[in-house]
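Q: Build me a structure from this.
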Amino acid sequence: MAVARHQELRLSGRATAALEICAIAALYYGSARLGLLQQLVRGQVTPLWPPSGIAVASLLLRGPRVWPGIALGAFLVNIALGPTLPAVLAIAAGNTVAPVCSCLLLRRTGFRAELDRLRDALALIFLGAFTGMLVSATTGSGALFLAGALAPRDFWPTWSVWWTGDAMGVLVVTPVLLVLRSARPPKYARPSRWAEALLLLAATAVVGFLVTSHVPLLFVGFPLLIWAAFRFQLAGAAPCALAVSTFAVIAGAERSGPFAAHDLLTKMITLQAFNGSAALTALLLSAVVSERNQAQWEIARACGQLATMAARIATGDRLPTLSDAEGEKEAYAPHTRQTRRQTRQRSSPHH
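A: Numbering: from 1, shown residues only. Sure thing, here's the model as predicted:
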């Protein structure tokens, strides 16, 4: 009976793992098709690559066992885009190894998925995004160059777009998925809180309209990010950063607003500087506010405990009596005698 139960559990675990792998592959493929709608280089390099964020979040939440889903999704995406099969395999391998490296680096630093500490935000920015995504950009651009799909003069522009696109995917998509994992509807939220959330949503839509218009108003997104981070922490700042970055990418692809009448290099520098600044503002400010709130809560709790202890001491409830001291001495005496007996036995030469 026990053996049959054990085999049943193993089969159930394998079925669950297979479903997770298929689900991650489907999410990777679907988000990749959306990201390719705004491609800028060779039909497959985009300034915002959401699959990299999905891959890193999947590995952080479900563990390294789901890496085949990332590899399968990357292969299915690039099979119709890559110039040759070896290049497709190399690109898929780079897109798989990069988030795995990011996950390993984050775990080495004690990363917490709640992103409620400044060190977690810094780790995600500099290790998960900027460092880990070097692998995919270098592998992918090198594969295209070796396959003859890139001219030598186009290697570094393609590499820069690839790297920043993957990094932006981690910076703006991964925090949203980590927030969704622990998102719970507030039980005791006041009506004013709901009204503020709706107002923030409406303001985000207005900012999106301004960013994608022909007026260069990219900077109007930063007050929105500050508002979301201060009032709602990561739960509000992460979706706002994703929305603002998406609007900026759309404006860059359509050559509207501040991206009009500029070459590819200037446009990419402007776009990625804005996206990076927005992501950094949202993550760092929300982490700092969360740490401040946690510190205030701990101080208030400590003050409450001190006030309770002071009140009990003042009323005599916590003053030790002679009988209590004698009881503690009697309770401690057997333990003391046993400890001394063990010490004598260890020190005896005949033991």
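
Q: which stretches of the protein have low pLDDT?
A: 1-13, 38-45, 257, 317-351 (pLDDT under 70).

Q: could you pull out the strands for it?
A: Taking DSSP state E as the criterion, the chain carries no strands.

Q: What ranges does it have for its helices?
A: Here the chain has its helices, by DSSP state H, at 2-35, 50-62, 67-78, 85-108, 118-123, 134-146, 155-181, 191-211, 221-253, 264-315, 322-347.

Q: Output those as CSV; include the columns mean neighbour count.
A: Every C-beta, even on glycine, is put in place using the N, C-alpha and C of the backbone. Formatted as CSV, those follow (neighbours: other CB atoms under 10 Å):
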stretch, mean neighbour count
helix 2-35, 14
helix 50-62, 26
helix 67-78, 22
helix 85-108, 20
helix 118-123, 19
helix 134-146, 21
helix 155-181, 24
helix 191-211, 14
helix 221-253, 23
helix 264-315, 16
helix 322-347, 10
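
Q: hmm, who's touching stretch 230-243?
A: Stretch 230-243 has contacts (CB atoms under 8 Å, 6 or more residues apart in numbering) with 114-116, 171-173, 175-176, 178-179, 183, 196-197, 200, 204, 207-208, 224-225, 228-229, 278-279, 281-283, 285-287, 289-290, 293.

Q: Phi and psi next, for residue 117.
A: Taking degrees, to the nearest 10, you get phi -120, psi 150 for the backbone angles of residue 117.

Q: ok, now which ones touch residue 121?
A: 115, 283-284, 286-287.

Q: Next: residue 246.
A: Residue 246 makes contact with 48, 208, according to CB under 8 Å, 6+ apart.

Q: From residue 19, how far out is it?
A: Separation of residue 246 from residue 19 (CB to CB, to the nearest Å): 29 Å.

Q: what does residue 89 give?
A: Distance from residue 89 to residue 19, counting by CB to CB: 25 Å.

Q: for residue 118, same thing?
A: Per CB to CB, residue 118 is found 36 Å from residue 19.

Q: Could you do residue 187 as well?
A: In terms of CB to CB, residue 187 sits 31 Å off from residue 19.

Q: again with residue 270
A: Counting by CB to CB, the gap from residue 270 to residue 19 is 42 Å.

Q: Equivalent analysis for residue 299, please.
A: Residue 299 sits 45 Å away from residue 19, taking CB to CB as the criterion.

Q: try residue 112
A: Distance, residue 112 to residue 19, by CB to CB: 27 Å.

Q: quick one: contacts for the closest residue to residue 82 other than its chain neighbours?
A: Spatial nearest neighbour of residue 82, excluding adjacent residues (CB to CB, 6 or more residues apart in numbering): residue 88 at 3.5 Å. Contacts for residue 88 were tallied using CB under 8 Å, 6+ apart; they are 75, 78-79, 81-82.

Q: can you rerun that using 7 Å?
A: Applying CB atoms under 7 Å, 6 or more residues apart in numbering to residue 88 gives the contacts 75, 78-79, 82.

Q: Need the phi and psi values for residue 47.
A: For residue 47, the backbone dihedrals are phi -70, psi -10 (criterion: degrees, to the nearest 10).

Q: residues touching it, list them.
A: 38, 40, 161, 164-165, 168, 249, 252, 268, 271-272.

Q: Of these, just say which sits nearest to residue 153.
A: residue 161 (14.2 Å; CB to CB).

Q: in terms of contact, does the closest one touch residue 267 like I think?
A: No: using CB atoms under 7 Å as the test, residue 161 is too far from residue 267 to be in contact (10.2 Å).

Q: Relative to residue 252, how far out is residue 274?
A: 9 Å.

Q: Overlap in contacts, those two.
A: Joint contacts of residue 274 and residue 252 (CB under 7 Å, 6+ apart) do not exist.

Q: any idea how far residue 29 lies from residue 54?
A: Applying CB to CB, the value for residue 29 to residue 54 is 10 Å.

Q: If you could redo that for residue 264, that was the one I meant.
A: For residue 264 relative to residue 54 (CB to CB), the value is 26 Å.

Q: again with residue 296
A: 34 Å.

Q: who are the neighbours in contact with residue 106?
A: By CB under 7 Å, 6+ apart, the contact set of residue 106 is 60, 123-124, 127-128.

Q: quick one, phi/psi of residue 110?
A: For residue 110, the backbone dihedrals (degrees, to the nearest 10) come out as phi 70, psi 40.

Q: Distance of it relative to residue 120?
A: 9 Å.

Q: which residues touch residue 268?
A: The contact partners of residue 268, by CB under 7 Å, 6+ apart, come to 47, 160-161.

Q: How about residue 130?
A: Contacts of residue 130 (CB under 7 Å, 6+ apart): residue 167.

Q: Is residue 144 in contact with residue 150, as I believe?
A: Yes: counting by CB under 7 Å, residue 150 is a contact partner of residue 144 at 4.5 Å.

Q: joint contacts of the two?
A: Residues within reach of residue 144 and of residue 150 at once, by CB under 7 Å, 6+ apart, are residue 158.
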